[in-house]
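Colleague: Sequence plus the predicted model coming up.
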Amino acid sequence: MNKKTTYKLSPDMIPAVIVYPGEILLDELNAREIKQKELAASIGIAANVMNEIIKGKRNITAILAYKLELALGINAEFWLKLQAQYELELLRTKYKYEPVKPLSKMYIHKHQHSQIGLR
């Protein structure tokens, strides 16, 4: 009998290493034996811009994600989710020790209902 084990991560966990989307893109290029310059030319960006994306100095935007989808066959949503996850992990690391006063649950509950027309 196979039992499925479910793990619940603590919301205050911060990864030891934050991976930027360019690292994943570089892994993909290496696996396919594609040079950065070749991909850059294929999607119409400068080689130095591609290198900055690979090094994490530039973000993957929606238009870039779409171009990667067309060139590599990997959904644009994948690249955008990687970018969003990377940015959130950076923020969680940066703001972990800064005090933020949470709103009361009553206020949040009331506000959610007012947005959908309930009172």
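Modeller: Cool, got the structure.
Colleague: residues contacting residue 24?
Modeller: Shown in contact with residue 24 (CB atoms under 8 Å, 6 or more residues apart in numbering): residue 82. (Each C-beta comes from the backbone N, C-alpha and C, glycine too.)
Colleague: how close does it sit to residue 68?
Modeller: Applying CB to CB, to the nearest Å, one obtains 11 Å for the distance of residue 24 from residue 68.
Colleague: Average pLDDT for stretch 38-53, rounded please.
Modeller: The pLDDT scores in stretch 38-53 average 98.
Colleague: ok, residues contacting it?
Modeller: Here stretch 38-53 makes contact (CB under 8 Å, 6+ apart) with 21-22, 25, 29, 36-37, 58-60, 64, 67-68, 70-72.
Colleague: Quick check: the two most widely separated of those?
Modeller: The span of the contacts of stretch 38-53, defined through CB to CB, is set by 37 and 59 at 20.5 Å.
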